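# Sequence and predicted structure below; questions after.
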Amino acid sequence: MNVDYRKLCLDLFGTDDVNELTRIARICKEKNPRKAGRKKKFTAEDVQTIRSLMEDGMTVNEVAERFQTSRQVIGRYLNEKPAEGYTLRLTYMYQQHPCTIIDVDFLNQRIMVQNKTKDMLHRAFGVIEKPTWNDFEMFLKDRCFPATRGNAKELLKELQLTSYDPLQIIEKTRGRTAEDDMWLKFNYYPMEGAAYGQNQS
């Protein structure tokens with residue numbers, strides 16, 4: 001099949017002049033239709049839509065695909081750094097769905113909570129909108145084996161722990177229990193002015 005490239009150029013670009021075609025090609029490259037190397041920017045409305053989709057059960061990957069971006073970009077918009085004094089962020093997960101974000105200030109014994117699902121059964125504190133430090137401690141204990149369990153000492157030894165500390169236990173187990181598919185993701189942040197970096201697990 002013989003192709004008349006001159007006619008094709010005229011049909012597509014309205015010219016067969018080499019210099020003009022070169023200029024058109026350069027403009028197309030500059031426009032970068034694939035957005036390669038560029039960060040996608042979202043409006044406040046976009047971010048609210050993303051939050052609503054995730055509250056309704058959509059995964060980060062599914063949201064990223066819908067908005068034609070990466071899960072890392074979606075994560076940057078949804079997961080802002082905790083407020084000053086909060087050095088631990090726990091994300092309460094159902095399978096791969098984030099359900100509740102818990103920011104923890106150990107020094108002042110306070111927490112801040114962001115619920116990411118409308119399903120009360122998958123929220124860390126259920127119907128409680130403003131949980132207390134005591135609520136948080138009870139939540140940690142609920143994600144552990146009981147201290148009164150007959151083989152508690154053996155379990156602690158397997159976890160390489162010397163005492164029953166719910167936070168340390170769930171760091172080892174990710175808060176997984178046999179009763180459900182919930183688990184916990186840990187993000188540690190340095191105190192303001194500290195020289196070390198962020199640790200995530």
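That came in fine, so what should we check first? Numbers count the residues shown, from 1 in each chain.
# The longest strand anywhere in the chain packs against which elements?
In terms of residue count, the longest strand belonging to the chain (DSSP state E) is strand 97-105. Contacts defined by 3 or more C-beta pairs under 8 Å, 6 or more residues apart in numbering; DSSP states H and E place strand 97-105 against strand 88-94, strand 110-115. (Glycine included, C-beta is placed from N, CA and C.)
# what angle do the longest one and strand 110-115 make?
Put plainly, it is strand 88-94. What separates the directions of strand 88-94 and strand 110-115 is an angle of 30 degrees, with axes from the mean of the first three to the mean of the last three C-alpha atoms, to 10 degrees.
# Let me know the angle separating strand 88-94 from strand 97-105.
Going by the same axes, to 10 degrees, strand 88-94 is angled at 160 degrees with respect to strand 97-105.
# how about the helices in this protein?
Assigned by DSSP state H, the chain shows helices spanning 5-13, 18-31, 44-55, 60-66, 71-78, 133-142, 152-158, 166-173.
# just checking, what packs against the third one?
Here helix 44-55 touches helix 60-66, helix 71-78, going by 3+ C-beta pairs under 8 Å, 6+ apart.
# now with 10 Å?
Under the contact criterion of 3 or more C-beta pairs under 10 Å, 6 or more residues apart in numbering; DSSP states H and E, helix 44-55 touches helix 60-66, helix 71-78, strand 97-105.
# where's that helix relative to the chain centroid, distance-wise?
Chain-centre distance of helix 44-55: 13 Å, with C-alpha atoms, centre = their mean, to the nearest Å.
# what does it contact?
40, 42-43, 58-60, 62-64, 66-67, 74, 77-78, 97-99, 114-119 (C-beta atoms under 10 Å, 6 or more residues apart in numbering).
# pLDDT value on residue 28, please?
In this model, residue 28 is scored at 63, pLDDT.
# Then residue 174?
93.
# if we can go back for a sec, I'd like the helices and strands packed on strand 97-105 laid out as JSON lines, including distance to residue 145 and mean neighbour count.
Converted to JSON lines, the helices and strands packed on strand 97-105 look like this (distance: least, C-beta to C-beta, whole Å; neighbours: other C-beta atoms under 10 Å):
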{"stretch": "strand 88-94", "distance to residue 145": "18", "mean neighbour count": "20"}
{"stretch": "strand 110-115", "distance to residue 145": "23", "mean neighbour count": "17"}
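# Turn these into JSON lines, including distance to residue 134.
Shown next, in JSON lines, are those (distance: least, C-beta to C-beta, whole Å):
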{"stretch": "strand 88-94", "distance to residue 134": "16"}
{"stretch": "strand 110-115", "distance to residue 134": "11"}
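# between the ones you listed, which one is nearest to residue 185?
Among those, the nearest to residue 185 by C-beta to C-beta is strand 88-94 (4.1 Å).
# If you average the pLDDT over the closest one, what comes out?
Mean predicted lDDT for strand 88-94 stands at 94.
# just stretch 14-23 next, same as before
75.
# repeat for stretch 52-60
Averaged over stretch 52-60, pLDDT sits at 75.
# gap between residue 83 and residue 137?
In this view, residue 83 and residue 137 are 21 Å apart by C-beta to C-beta, to the nearest Å.
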